[in-house]
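Q: Take this sequence and fold it.
(4 chains)
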Protein chains: 2
Amino acid sequence: MVEKELSTEEKILESASKIFTEKGFSGTRTRDIADEAGINLALLNYYFRSKEKLFEQVMKMKMMLLFGKILPILSNEKTTLGEKIDLAAEKYFDILSENPNLPLFVISEIQKKNSNITSAMPIRKLFLNSAIIKQIKEQRPELNPLHFLVNFLGMTIFPFVAKPVFSAFELIKDDEFKQFISERRKLVPVWIKLLLEHKTEL
Amino acid sequence: MVEKELSTEEKILESASKIFTEKGFSGTRTRDIADEAGINLALLNYYFRSKEKLFEQVMKMKMMLLFGKILPILSNEKTTLGEKIDLAAEKYFDILSENPNLPLFVISEIQKKNSNITSAMPIRKLFLNSAIIKQIKEQRPELNPLHFLVNFLGMTIFPFVAKPVFSAFELIKDDEFKQFISERRKLVPVWIKLLLEHKTEL
DNA sequence: GTCTATAGGCCGATAGAC
DNA sequence: GTCTATCGGCCTATAGAC
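A: Numbering: from 1, shown residues only, chains lettered A, B, ... in the order given. As a prediction, this is how the structure comes out:
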């Protein structure tokens, strides 16, 4: 139950965020959100008009959380490539440790086309023109720079995405996972730099 | 529409596989499966009793596809670590190119606890006792071998998991993605071996 | 085995009192 | 703003004819 000194609207948003993230759009019932927020179902529609509109609000928050802090780091013209890797890893492991289900939620709702929010965000331009893309191209002109982005994101985000499966098969316990992630926080930047330095024959 | 010379039961399974994978358990309506299979809704319940039971069948197929070919490669006592990496990468890129939504489907349905199938599969034992874990420990005794598995899976699976997001933001087109994946098929084994060879200071 | 028709329950949304 | 009560539609599952 959400308590504290939140307005009714904020309480509903908090609860919606929690339940949508756990169950996805189609698995969520507005009644559950209302219960979690400690208010009546009618009130949810009074504030947000419909389940869809409430979901879009939550999705917008989640996208900001997923991209808001990272894009500025990648776009910074004043830092070196190595500094960007260190900063981005640190920031992402922070965000994901606080919001472990964030990437799986966003990816899977976008895949199911439950959100049109992507059309409203200029990620493409921001990303393709970012300083880090230029720096990777300088360092490794023979490869698509997306390879290194995917390596970075795969090493950083994938453990959080795959955690439900690892847990279900008891490959790792919750406290071991925390330790595992704190090791990766230091290892991933080292590994990414290693991959960037060693020219690979195709 | 599924045609060919499939039995009714197989047609329903095929269609269920397709639609569950696209929309997840809670986003799927049994009517849509029946339509896709070109049969009546009542017939679906005649063969499979319920939506849940049909889903469990599909999930079992998907888990076999995801683990069935890979675990034997990782458990083979006669191959070297390098050979295992080459074979596993090749096999996984094949499977995932044919079934790009497979990992996202499995992960996200397990996260939503829509399936109990994990309790029926002895993945933990098979994996923890596998030859590859021993070989990684020999090569890099100072690190949790799970780090290298996660690196491998992150580099291999993550591009497929994240593709809906990349596509939504137009960071990559479908034909470019095919090319991108065929590059990674060669690059990932090289990168993984590189990470295994270079001792990392923690 | 396969169909039509419908029961029965769930869920999103709203009317209307306070 | 917040509630109770309820509508109307959708979805799974089944009864029963062929």
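
Q: what sits against residue A:99?
A: Going by Cβ atoms under 8 Å, 6 or more residues apart in numbering or on different chains, residue A:99 touches residue A:65. (C-beta placed from N, C-alpha, C; glycine too.)

Q: where in chain A is pLDDT low?
A: Counting by pLDDT under 70, the low-confidence segments of chain A come to A:1-4, A:201-202.

Q: can you give me the helices in it?
A: Taking DSSP state H as the criterion, chain A carries its helices at A:8-27, A:30-37, A:41-48, A:51-67, A:70-75, A:81-98, A:102-111, A:123-128, A:131-139, A:146-168, A:174-197.

Q: With mean neighbour count added, can I get these in JSON lines?
A: Shown next, in JSON lines, are the helices of chain A (neighbours: other Cβ atoms under 10 Å in any protein chain shown):
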{"stretch": "helix A:8-27", "mean neighbour count": "19"}
{"stretch": "helix A:30-37", "mean neighbour count": "19"}
{"stretch": "helix A:41-48", "mean neighbour count": "16"}
{"stretch": "helix A:51-67", "mean neighbour count": "18"}
{"stretch": "helix A:70-75", "mean neighbour count": "17"}
{"stretch": "helix A:81-98", "mean neighbour count": "18"}
{"stretch": "helix A:102-111", "mean neighbour count": "23"}
{"stretch": "helix A:123-128", "mean neighbour count": "15"}
{"stretch": "helix A:131-139", "mean neighbour count": "16"}
{"stretch": "helix A:146-168", "mean neighbour count": "22"}
{"stretch": "helix A:174-197", "mean neighbour count": "16"}
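
Q: Redo these as TSV? Include distance to residue B:150.
A: TSV is the format used below for these (distance: least, Cβ to Cβ, whole Å):
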stretch	distance to residue B:150
helix A:8-27	22
helix A:30-37	33
helix A:41-48	38
helix A:51-67	20
helix A:70-75	20
helix A:81-98	13
helix A:102-111	14
helix A:123-128	25
helix A:131-139	23
helix A:146-168	5
helix A:174-197	8
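
Q: Let me have those in CSV, adding distance to DNA strand D as columns.
A: Putting those into CSV (distance: least, Cβ to the nearest atom of the strand, whole Å) gives the following:
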stretch, distance to DNA strand D
helix A:8-27, 3
helix A:30-37, 8
helix A:41-48, 3
helix A:51-67, 12
helix A:70-75, 34
helix A:81-98, 28
helix A:102-111, 18
helix A:123-128, 31
helix A:131-139, 43
helix A:146-168, 23
helix A:174-197, 33
